[in-house]
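[1] sequence first, then the predicted structure, then my questions.
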Amino acid sequence: MRSYVPATREERARMLASMGLTSMEELLRDIPEGVRLRHPLDLPGGLSEKEVLAALKGYADENVTDRPIFRGAGAYRHFIPAIIPALASLGEFLTAYTPYQFEMSQGMLQAIFEYQSLIARLTGMDASNASVYDGATAAAEAMLMCRDSTRRQKLLVSRGLLPDVLAVLRTYAPCAGMELVEVPLAEGLTDLAAVKANAEGAAGLIAASPNCYGLIEDIASLSDAVHACRGLMVAYAEPISLGLLKKPGGLGADIAVGDGQPLGIPLSWGGPYVGFMATKQRLLRSLPGRVVGETADADGNRAYVLTLQAREQHIRREKATSNICSNQSLCAVMAGIYMTAMGPRGLREVAESCLQKAHYAAERIAALPGMKLSYGAPFFMEFVVESDISSGTIDEALRGKGIVGGLSLDDRRVLYCVTEMNTRQEIDALVDALKEVCA
Amino acid sequence: MSRSVWPTCFEKSHPDRRGADIPALDVPVKENLLPAELLDDAPPALPEMSEREVMRHYTGLSRRNHGVDNGFYPLGSCTMKYNPRMNEVVSAWFGGLHPLADARDAQGALRLTYDLERALCEITGMDAVSLQPAAGAHGELTGLMLIRAYHARRGELAKRTKILVPDSAHGTNPASAAMAGFEVVEVPSGADGGVDLDALRAACGEDTAGLMLTNPNTLGLFETNILTIADIVHNAGGFVYYDGANLNAVMGIARPGDMGFDVVHLNLHKTFATPHGGGGPGSGPVGCKARLAEFLPAPVVVKREGGYALDADRPFSIGKVKSFYGNFGVCVRAYAYILSLGGEGLKEASEAAVLNANYIMHKLRGAYKVAADRPCMHEFVLSTENIPGLTANDVAKGLIDRGIHPPTIYFPLIVREAMMVEPTETEPPEVLDAFCDAMVELKALHEANPGALGEFPLTTPVGRPDQTLAARKPKVVG
Ligand SMILES: Cc1ncc(COP(=O)(O)O)c(C=O)c1O
């Protein structure tokens, strides 16, 4: 069995003796008999490193991850440069905690400050926090920001949000005393008329672009509609698309949120990812969680600190903007490294590659007999195909060809995702396989 | 390291450099796939650096940071134990798995989830566990949502509006209760830092939804009255919530489920040795007793004939608290840790953690004020209150110059000039001795020359930063 306890038996005995004790039991005497565990934990005996590796390999081998994949829907396969895992595994980052002791944590503080700056530049916003758990909880936190800044109890949420984002909002809303008004889609896009009809008295609107069907929404018009009733616009953004598309900040959004997973973070069966939150200047003090700020020491050296802590749970307790304490710092740093390494041209190239390949695939699939795109609006790297063939049949057929197809939305519609990782050969194989299904 | 400024990535940027590439397009390029009005004129103003520069930039930043790998990190309440590298290797094997993969392609992840949930049930004495919450505070919120759902289902939510929280509790406890829609009632601590039973009885009633507690408490002391406390709350119709931040004291020794707790969260990034990552990611699984299990977040992993599956058909579930299934990569590391140690190893770890904490407390008892006069569990609280003019902050800054990460300071709030010390089991006695020597030396320095500690730290890239300036004129992006 492995043990990470360095003290030897003799050393432990000596330590006890230094306190005038002879057994561990004497230190545990405050634990009442009535609550003592009287049997050993019913867990397998400990293992050596080699054995644990073998056991875990057994689990890993039961997963299948080596096939071409055309599935996204909130988790996206992109290329991850080797420097990201290399730098993220440096012990100074990996094994540190929240930078409470600023002088000893300038590295992490600056890395987070740079992450905040990069996210602000990416989204066209003035400020960013140090991260929250994921995109869905970022949306939930944005709901609380809307409530607290407007003192209104109703929030519009677009049905174009990812299902899990909507699900988390539905879980949080009743606890937050919020009523959610779910705005339907028209032709796959958030129904502007429905937003206008419900905007009065609403704290704001949360809508995604690209939305859950990959379609690019008219965030500017949605913003205008909520602003007309003094509500806030929360744009749920997909970060890679911002290499090409107009930024939420320029389109009138007051808050931009989303999941940073596409920025160099592995799929890892859904987590850990990173939720980003960026705002306009006037909402800075209502952000949840850690925020790193720049200041100076007594000699004028530039220094970084955790700032505006009066918002946070350890100071404000039940009156804090959020309960969040630990966040997703290391994932935020990974996203920061990704943006720094890619740079403006690299990010645009990734976005352009996704756009071109997705459209190449969509055009070829839509040309197959019996298959067509469900929506006409412009899309980025995901698109919905409908046909008379059941989605399950399509999925099984592709599986038979060693391809992970799109995500079945219902019996007739499939959501495909194509990224820079999909080669033309893979796309052509997908189209050929679908052609066989159609025949 | 002497004082120095490390330029930001933006300051190091040079036009037209780049640090990563992707394959050239292999499909025919089409113009105008998107209407021009959707496109930005220029991509975001990210820095432009070569790969070597990015590498050196972040390596340089890492050298301005301190982790468990660098040295002692007795940050109380955070369990900064050694993070086995093996677990990093193992977790990477699951990196390529898409969360919406067909269950047939995700059997390993599903089985691991199932097995880890069972192991955590055994360790905590609970009946069911969900891995969905992403950290401790998220687990608290989720656990309170279960309590809320239970009372709502029985038609009692309108009256059961209050969550009791001791004044010694971590800030996330009251903050989570507020986020879950409850009113927070603070329960004063007794002289020993434990729950004041009379105050608890007075606070409990028809309006009680539950009580949040950590045991050992934030002074590092075991609540000897725990069964009575649980009875009082249960008799009032409330639930008892266990903040698992301090579980490292009692693994294999006592279980929250046997102490009367109904709901727990665990911090895998503390007790189960997953790295803290400079502030996260963590993982905060929630466990509960059978009568709350139907409310757990959906989907739930189930074992069926023919394999493991996700079951989303949970009519009474509170719903989702996070996308997909939680911080799975962190869960993989924790599971590797549990397999490594086994049941006996976990108990050994807890015992060694308690021994290490008591060893330091005993050695420093003469020099600093100790909050209690009985054995502590895995951590304890010191104070500089007995030393005129010396603050916990000054001691912390002096420790930094000695290569030691300071204890948690100014928490819990019920102790003045508090320093909460949690050595963990993974430190040998010579490291503990060096810490004690440093603490004694700092006190002596102060007594010989009051104010001497005010100039510390001297060895770090920056001196004490001006926090007032940072908050008055916030500059949060560059
Ligand atoms: C006692 C206690 N409870 C709860 C938490 C919150 O845990 P997390 O930071 O994982 O959200 C902490 C974290 O430091 C803690 O020490």
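    Structure's in. What do you need? Numbers count the residues shown, from 1 in each chain, chains lettered A, B, ... in the order given.
[2] in the stretch 1-150 of chain A, which residue sits closest to the ligand?
    Here the stretch 1-150 of chain A gets closest to the ligand at one residue, A:Thr98, 7.8 Å apart by CB to the nearest ligand atom. Heads up, the C-betas are built off the backbone N, CA and C, glycines and all.
[3] spit out the contact partners of that residue.
    A:290, A:306, A:325-326, A:329, B:276, B:278-279 (CB atoms under 8 Å, 6 or more residues apart in numbering or on different chains).
[4] now B:Phe324, nearest residue through space, not along the chain?
    Distance criterion CB to CB, 6 or more residues apart in numbering or on different chains; nearest residue to B:Phe324, sequence neighbours excluded, is A:Gly270 at 2.6 Å.
[5] ok, B:Leu164 next?
    The shortest distance from B:Leu164 to any non-neighbouring residue, by CB to CB, 6+ apart, is to B:Leu211 (4.3 Å).
[6] check B:Gly389 too.
    Once flanking residues are discounted, B:Gly389 sits nearest to B:Pro450: 5.0 Å by CB to CB, 6+ apart.
[7] for my notes, confirm that neighbour occurs in a helix.
    No - looking at B:Pro450 with DSSP: H, G, I helix; E, B strand; the rest coil, it is coil, so not inside a helix.
[8] B:Ala444 versus that one, what's the distance?
    Per CB to CB, to the nearest Å, B:Pro450 is found 12 Å from B:Ala444.
[9] near the ligand, which residues of chain A?
    Within chain A, the positions near the ligand by CB under 6 Å from any ligand atom are A:325-326.
[10] tell me the domain ranges of chain A?
    Split into domains by automatic domain parsing, chain A comes to A:89-338, A:343-438.
[11] A:Met235: which element?
    Check again: residue A:235 is Ala, not Met. Assigned by DSSP states H and E, A:Ala235 belongs to strand A:232-237.
[12] what strands flank the host helix or strand of the residue nearest to B:Leu164, and is each parallel or antiparallel?
    Element membership for B:Leu211 (DSSP H and E) is strand B:208-213. Sheet partners assigned to strand B:208-213 using DSSP bridges are listed as strand B:162-166 (parallel), strand B:239-244 (parallel).
[13] now the ones you listed as a markdown table including distance to the ligand, mean pLDDT and mean neighbour count?
    Output for those, formatted as a markdown table (distance: least, CB to the nearest ligand atom, whole Å; pLDDT from 0 to 100; neighbours: other CB atoms under 10 Å in any protein chain shown):
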| stretch | distance to the ligand | mean pLDDT | mean neighbour count |
| --- | --- | --- | --- |
| strand B:162-166 | 11 | 97 | 27 |
| strand B:239-244 | 5 | 98 | 29 |
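[14] could I get the ones you listed as a markdown table with distance to B:Ser350?
    Below are the strands paired with strand B:208-213 laid out as a markdown table (distance: least, CB to CB, whole Å):
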| stretch | distance to B:Ser350 |
| --- | --- |
| strand B:162-166 | 23 |
| strand B:239-244 | 13 |
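[15] for B:Glu122, find the nearest of these.
    With CB to CB, the closest approach to B:Glu122 among these belongs to strand B:239-244: 14.3 Å.
[16] is chain B contacted by the helix or strand bottoming out on mean pLDDT in chain A?
    One helix or strand of chain A scores below all others by mean pLDDT, DSSP states H and E: helix A:313-316, with a mean of 88. Yes - counting by CB under 8 Å from any CB of the partner chain, chain B is contacted by helix A:313-316 at A:313-316.
[17] list the buried ones in stretch B:170-185?
    B:170-182, B:184-185 (16 or more other CB atoms under 10 Å in any protein chain shown).
[18] how much space between the residue lying closest to A:Pro6 once chain neighbours are set aside and B:Tyr368?
    Closest residue to A:Pro6 apart from its sequence neighbours, by CB to CB, 6+ apart: B:Pro428 at 4.0 Å. B:Pro428 sits 22 Å away from B:Tyr368, going by CB to CB.
[19] when those two are compared, which one has more neighbours?
    For B:Pro428 versus B:Tyr368, neighbours defined as other CB atoms under 10 Å in any protein chain shown are more numerous around B:Tyr368 (24 against 13).
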